[in-house]
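Colleague: Prediction below, plus the sequence it came from.
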Amino acid sequence: MARTVSLPRTARSTARRRARRTLSVLAAAWLVLSLTPPPAHAALAEVYVALGDSAAAGPLVPNQIGPDYGCLRSDRNYPHLTARAIGASTLRDVTCSGAKTTDMYESQDTELGDVAPQLDALSQNTTLVTVQIGANDVGLTDFIEDCLNLLPPPIGDACNDDYNAGGQDQWRVATDALRPRLTALVSDIRARAPQARIFVVGYATYARQNGCYPRVPIIRADANYIRATLMYFNQMLAEQAASAGAGFIDLQTPSAGHDPCASPGVRWIEPYVPAAPAAPFHPNALGMRNFATIVTTAVTGAR
């Protein structure tokens, strides 16, 4: 028969204290583990929809892609490059050369057939939207080309006087008329994509102060008028984005010095006679790469 061994009183007290300490340590460890949050899951990849006109589409920038070939859309435009940079799970790039705000809602007629309304690309699972639109509504590209002047005054005529007849600047009038349409557009984007962060993208610098005649044949007064007009237009875009609760991405400020007057390899916007594959007064591949960096920084920093 086994004998029961009785510990001395002091030994029994020490054993009980050790047992209590062990239980206390285990309880504390359990409490810490129960209060520690589980490791955060990686952020879900973006479902990115790019809306806009030729400034976003990249006409003639290699490689032009389908299925909507009439949109003159490049696979090296800033939406594509941004999507890669942020690791988007899905890119729906429906930017289209010649697009106006009406083409967000209605089919757009291109030289190679109709394309669907751009807002049709939005869905409930869209998480990111960039929209660069409005220049064609007021005819800014035609305006710049209209100011080309192969012969300076007194033989050639300045164009800015034509747009200020009666003391009213018709470009500012057209720009202000666009304000409610842009606010409504952001609201309609949000209604179709309620989870999305929305960014309105501005336009780049198309004319530097005083121009660079004759390299770009726009005389000084007209270059300054174009510059002021674009600055006012971008200011309008920023104001309407803010009033609609959207972000605004400024391309004008960082593109200063990279306008059509700059030398090849420096400029982001091609002049009337391009030296790189791009439409006149539109971004080239270098411009698209830099715009993608700017857009990527904006959309990731705003998370």
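Modeller: Now that the structure is in, tell me what you want to look at. Because the structure is a prediction, the values reported are computed rather than measured.
Colleague: Give me the distance from stretch 126-133 to the chain's centre.
Modeller: Using C-alpha atoms, centre = their mean, to the nearest Å, the distance from the centre of stretch 126-133 to the centre of the chain it belongs to is 7 Å.
Colleague: What's the mean pLDDT across stretch 179-195?
Modeller: Model confidence over stretch 179-195, given as mean pLDDT, is 98.
Colleague: Check which residues of it are buried.
Modeller: Buried residues in stretch 179-195, defined by neighbour count with 16 or more other C-beta atoms under 10 Å: 181, 182, 183, 185, 186, 189, 190, 192, 193. Every C-beta, even on glycine, is put in place using the N, C-alpha and C of the backbone.
Colleague: same check, this time on stretch 213-228
Modeller: For stretch 213-228, by 16+ other C-beta under 10 Å, it's 216, 217, 218, 219, 221, 222, 223, 224, 225, 226, 227, 228.
Colleague: what's the farthest-apart pair in these?
Modeller: 217 and 228 (19.1 Å; C-beta to C-beta).
Colleague: Could you confirm residue 131 falls within a strand?
Modeller: Yes. Counting by DSSP: H, G, I helix; E, B strand; the rest coil, residue 131 is part of a strand.
Colleague: pLDDT value on it, please?
Modeller: At residue 131, pLDDT is 99.
Colleague: quick one: secondary structure of residue 286?
Modeller: Residue 286 - assigned by three-state DSSP - is helix.
Colleague: related to what we said a few turns ago, could you tell me which of the buried residues of stretch 179-195 are located in helices?
Modeller: Judged by DSSP state H, those include 181, 182, 183, 185, 186, 189, 190, 192 as members of helices.
Colleague: and of those, the nearest to residue 144?
Modeller: residue 182 (20.9 Å).
Colleague: Tell me the spacing between the closest one and residue 195.
Modeller: With distances taken as C-beta to C-beta, to the nearest Å, residue 182 is found 21 Å from residue 195.
Colleague: same thing with residue 57?
Modeller: Relative to residue 195, and taking C-beta to C-beta, residue 57 is found at 25 Å.
Colleague: ok, how many other residues are close to residue 170?
Modeller: 15 (other C-beta atoms under 10 Å).
Colleague: Ramachandran angles for it?
Modeller: phi -70, psi -30 (degrees, to the nearest 10).
Colleague: wait, doesn't it sit right on residue 163?
Modeller: Yes. Using C-beta atoms under 8 Å, residue 170 is in contact with residue 163, at 4.9 Å.
Colleague: pLDDT score assigned to the residue nearest to residue 181 when sequence neighbours are not counted?
Modeller: Of all residues not flanking residue 181 in the chain, residue 101 sits nearest, at 5.0 Å (C-beta to C-beta, 6 or more residues apart in numbering). Reported pLDDT at residue 101 in the predicted model: 98.
Colleague: ok, residue 101 - how many residues close by?
Modeller: 18.
Colleague: any idea how far residue 165 is from it?
Modeller: In terms of C-beta to C-beta, residue 101 sits 26 Å off from residue 165.
Colleague: now do residue 50
Modeller: 38 Å.
Colleague: and if you look at residue 282?
Modeller: Residue 282 is 29 Å from residue 165, by C-beta to C-beta.
Colleague: Neighbour count: the two, which is higher?
Modeller: Taking other C-beta under 10 Å, residue 282 and residue 165 do not tie; residue 282 has more neighbours (26 against 9).
Colleague: Show the backbone phi and psi for that one.
Modeller: phi -140, psi 160.
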